[in-house]
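no letters, just coordinates:
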């Protein structure tokens, strides 16, 4: 059994079938998925069996993608725990006060615990998958990837195949996605709509740029006006 070739550019979020399809693994009496595997070796084996078309370079890119996502979630967890501690305890967050897995403290506000739980659990899953992909990539592929020059830190981490996205726009998309997943019931629909609209705008701009490249023409004033109309700017 294998998963069909993913669309290009390569993208594999936590909901990808290669991470969630139960498989039998030698040495285990129950079926495992790559995401819930207790150790790296079974996770690597499952991913390679379900996605045999992924090359070592693909695995190296996905290892970097999941590492970046985990780091971003860790950073958000730290920021939210600081705010939660100031509000609930009246002091900055101290790790020595960690009492409950994921949410840290029962005293924290429900809205803070919701975000903390999301960041902790999803971050752990990203870390586990990063290790599995790194093992599947091998040392040579990881070293080759590490020699690629970073694009000033603003490469599109959500989609390695897309052109770079401005740092502010990428952060806004990430923030709205997190708010849509973890926001309160009263405003979740508003966050979700804003997130979908902003992603749609990003895709329209990138598609327009790709069409210019495909026609091999230099941008004109009309192209500038077309982009301004997409942004709805005066």
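Sure thing, it's come through. If you're wondering where the values come from, they're calculated on a predicted model, not measured in any experiment. Residues are numbered from 1 along each chain as shown.

how is this structure carved up into domains?
Annotated domains of the chain cover 1-148, 157-234 [automatic domain parsing].

pick out the shakiest of those, pLDDT-wise.
Note on the domains of the chain: lowest mean pLDDT is at domain 157-234, with a mean of 63.

now for the top helix by length along the chain, which elements pack on it?
Here the longest helix in the chain is taken by residue count, with DSSP state H as the criterion, and it is helix 110-146. When contacts are defined as 3 or more Cβ pairs under 8 Å, 6 or more residues apart in numbering; DSSP states H and E, helix 110-146 sits against helix 40-50, helix 56-88, helix 167-182. Heads up, the C-betas are built off the backbone N, CA and C, glycines and all.

I figured residue 103 hits residue 117, correct?
Yes - under the criterion of Cβ atoms under 8 Å, residue 103 lies in contact with residue 117, with a separation of 5.4 Å.

which one's more surrounded, the two?
Neighbour count, other Cβ atoms under 10 Å: between residue 103 and residue 117, residue 103 has more, with 20 against 17.

counting neighbours, what do you get for the spatially closest residue to that one that is not a sequence neighbour?
Spatial nearest neighbour of residue 103, excluding adjacent residues (Cβ to Cβ, 6 or more residues apart in numbering): residue 113 at 4.2 Å. The number of residues packed around residue 113, counting by other Cβ under 10 Å, is 20.

next one: residue 122
By the other Cβ under 10 Å criterion, the neighbourhood of residue 122 contains 16 residues.

quick one: contacts for it?
The neighbours of residue 122, taking Cβ atoms under 8 Å, 6 or more residues apart in numbering as the test, are 14, 69, 73.

list the contacts of the closest residue to the last one other than its chain neighbours.
Taking Cβ to Cβ, 6+ apart, and ignoring the residues beside it in sequence, residue 73 has residue 123 as its nearest neighbour in space, at 3.8 Å. The neighbours of residue 123, taking Cβ under 8 Å, 6+ apart as the test, are 69-70, 73-74, 77.

10 Å instead?
Residue 123 makes contact with 66, 69-77, 102, according to Cβ atoms under 10 Å, 6 or more residues apart in numbering.

right, and residue 24 touches residue 32 too?
Yes - applying Cβ atoms under 10 Å, one finds residue 24 in contact with residue 32, separated by 8.0 Å.

pull up the overlap in contacts between these two.
The contact lists of residue 24 and residue 32 share residue 46, where a contact means Cβ under 10 Å, 6+ apart.

out of the two, which sits in the busier spot?
Between residue 24 and residue 32, counting by other Cβ under 10 Å, residue 32 is the more crowded of the two (19 against 11).

bridged to the more buried one, which residues?
On DSSP bridges, the residues paired with residue 32 through beta bridges are residue 23.

next one: it from residue 128, what distance?
In this structure, residue 32 lies at 12 Å from residue 128, with Cβ to Cβ, to the nearest Å as the measure.

need the overlap of contacts for the two.
Residues touching both residue 32 and residue 128 comprise 38-39, 43, with contact defined as Cβ under 10 Å, 6+ apart.

restricted to buried residues, select those in ChimeraX.
Only the buried entries of the shared contacts of residue 32 and residue 128 go into this ChimeraX selection, using 16 or more other Cβ atoms under 10 Å:
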select :43
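
OK, contacts around residue 89?
Under the criterion of Cβ under 10 Å, 6+ apart, the contact partners of residue 89 comprise 97, 105, 107-108.
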